[in-house]
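In: build the 3D model from these lines:
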Amino acid sequence: MRKLPYGDPTDPGYRRLRYLRYADDHIMGFIGPKAEAERIKAKLATFLRETLALELNQSKTLITHARTGAARFLGYEITVQHCDTKLTHGCRSANGGIALRVPLDVIRAKCAPYRRRGKPWHRPALQNLPDYDIVRIYGAEYRGIVNYYLLAQDVWRFGALRWNAETSLLKTLAAKHDSSVSKTAARYKAKVVTGHGLRTCFEARIQRAGKPELVARFGGIPLTRDRRAVIRDPAADSPPRRRNGGVRRLAELHVGHTCISTATSTTTAKAAITLRGVVVRGVPGKHLAQVPLTEDQHSPAAHRRGGAARARRRGTRRAQPR
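Out: Residues are numbered from 1 along each chain as shown. Predicted structure coming up:
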C-alpha cells in the first residue's frame with residue numbers, strides 16, 4: 001500500500017509553478033507535462049527579448065526532470081526526493097520533498113589545488129610565510145567552501161576536501177620546518193568546542209604583549225547539515241577613487257611666465273613634458289597645454305606674494321623688500 005501515491009499523478013488539471021531568482025540566475029519549479037514546460041521557456045525568452053532587450057542563454061537554460069536528474073542553481077544540485085521506505089510518524093515524509101545536494105564535480109575541483117601526482121601535496125608558494133599565515137590561509141579557504149554548502153543534505157561529502165586540505169597543510173608546515181607530518185600534526189593539533197561536541201582542529205597562535213593572542217584555525221567545523229545556515233553575501237567593495245590631487249596641483253603650478261592647465265583630447269596618447277626638472281605625464285584622452293599668464297601675474301607684487309606663501313609653507317619667512 002505504501003507504494004501507491006496518495007494523489008493522482010496523472011490528473012490532467014493539476015499544475016503548480018514556483019519561481020526563484022537571484023541576480024541574473026533564476027529557476028522555475030513546474031508540475032506538469034514537458035510540452036507545457038517548453039512553452040513556458042519560449043514565452044520567457046520572448047518576454048526577455050521584446051521587453052527587456054535580453055537574450056536567453058539556450059545552452060544554460062535546461063529543462064530537467066527533478067526526480068531522475070538534478071538542476072544546478074547557485075552551485076547546488078536541486079532534486080526531488082522519493083523513498084517509500086523512509087517513514088516519519090508512519091508517513092512517507094521524504095516523497096516529494098526538495099533536496100539540496102553538493103555536486104560531485106565541485107568536490108573534485110576544490111580538492112585539485114591541494115593535490116599533485118595523485119596525492120595531497122605541499123604548496124611551495126606558502127612555505128616562506130609565518131606559520132600563522134599558512135594556517136590562516138588554509139583555514140579561510142576550507143571554511144568558506146564548507147559554510148556555503150552547509151544547507152546541503154550531503155555536506156558530509158566534504159570530508160574528502162578536509163582530508164586533502166589538512167594533509168597539504170601539514171606537509172607544507174613540515175617542509176618549512178624540515179620535520180615529519182606526524183610530528184607537525186602533534187605540534188599544531190587542538191580541540192575546539194562546537195554545537196556537536198568537541199572537534200579536532202589545527203591552530204597557530206601569536207602571543208602579543210598586553211593584547212589577546214592571535215589564533216589561526218583550520219578545521220573544527222562539523223560536516224552536518226544546518227537548516228538555519230545563512231549565506232551572507234556582503235556588498236562588493238566600492239572601486240578606488242581616482243586620485244587626481246597631483247594633476248590638480250600641477251594645474252596650478254607656475255613656472256617662469258607660464259602655467260600648466262589640463263584640457264581634454266581624444267587623439268593624444270601618453271605624453272611627457274619636462275619643465276625645470278618637473279616631469280608631467282599625460283594620460284590617454286588628456287594632454288597638457290601651456291597657457292600664458294595674464295598681465296597682473298607678471299607684476300612684481302604677484303611674484304612677492306607667491307614667494308611669501310612658499311616661504312611660509314617651508315616654515316621660514318622671507319624677508320620683505322624695503
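In: can you pull out the helices in this structure?
Out: Applying DSSP state H to the chain gives helices spanning 34-50, 104-111, 131-148, 159-177, 181-188, 245-251, 300-314.
In: could you tell me which residues within the fifth one count as buried?
Out: Just to be clear, that refers to helix 181-188. For helix 181-188, the buried set under the neighbour-count rule, 16 or more other CB atoms under 10 Å, comprises V181, T184, A185, Y188. For every residue, glycine as well, the C-beta is placed using N, CA and C.
In: what lies in contact with that helix?
Out: Helix 181-188 has contacts (CB atoms under 8 Å, 6 or more residues apart in numbering) with D131, V135, T167, L170, K171, L173, A174, H177, F202, E203, A204.
In: measure R116 to L173 for me?
Out: The gap separating R116 from L173 is 17 Å, by CB to CB, to the nearest Å.
In: grab the nearest non-local neighbour of L173.
Out: Nearest residue to L173, sequence neighbours excluded (CB to CB, 6 or more residues apart in numbering): T184, at 4.9 Å.
In: that older thread, could you check which of R116 and L173 has the larger neighbour count?
Out: Ranked by neighbour count (other CB atoms under 10 Å), R116 and L173 place L173 first, with 25 against 12.
In: contacting residues around that one?
Out: By CB under 8 Å, 6+ apart, the contact set of L173 is D131, I134, V135, S179, T184, Y188.
In: where does pLDDT dip in the stretch 201-322 of the chain?
Out: Low-confidence segments of the stretch 201-322 of the chain (pLDDT under 70): 232-322.
In: hmm, back to that, among the contacts of helix 181-188, find me the one that's closest to M28.
Out: For these, the minimum distance to M28 (CB to CB) is 42.1 Å, reached by T167.
In: residues contacting that closest one?
Out: T167 touches Y114, P120, V181, counting by CB under 8 Å, 6+ apart.
In: related to what we said a few turns ago, of the buried residues of helix 181-188, which is the nearest to K86?
Out: Distances from K86 to the buried residues of helix 181-188, taken by CB to CB, are shortest for A185, at 39.1 Å.
In: not counting sequence-adjacent ones, nearest residue to P222?
Out: H196 (4.2 Å).
In: from Y19, how far off is that neighbour?
Out: 35 Å.
In: coming back round to it: farthest-separated two in the contacts of L173?
Out: V135 and S179 (15.2 Å).
In: neighbour-wise, which of the two wins?
Out: Neighbour totals were compared for V135 and S179, and V135 leads with 25 against 13 (other CB under 10 Å).
In: residues touching the more buried one, list them.
Out: Here V135 is in contact with L169, L173, Y188, F202, E203, A204, A216, R217, F218 (CB under 8 Å, 6+ apart).
In: I31 and R18, how far apart?
Out: Applying CB to CB to I31 and R18 gives a distance of 9 Å.
In: mind listing what A71 touches?
Out: I27, L62, T64, E77, I78, T79.
In: report the buried members of these.
Out: Listed as buried from the contacts of A71 are E77, I78, T79; burial here means 16+ other CB under 10 Å.
In: tell me the one of these nearest A99?
Out: T79 (5.1 Å).
In: surely that closest one is in contact with R72?
Out: No: with contact defined as CB atoms under 8 Å, T79 does not count as touching R72 (10.7 Å).
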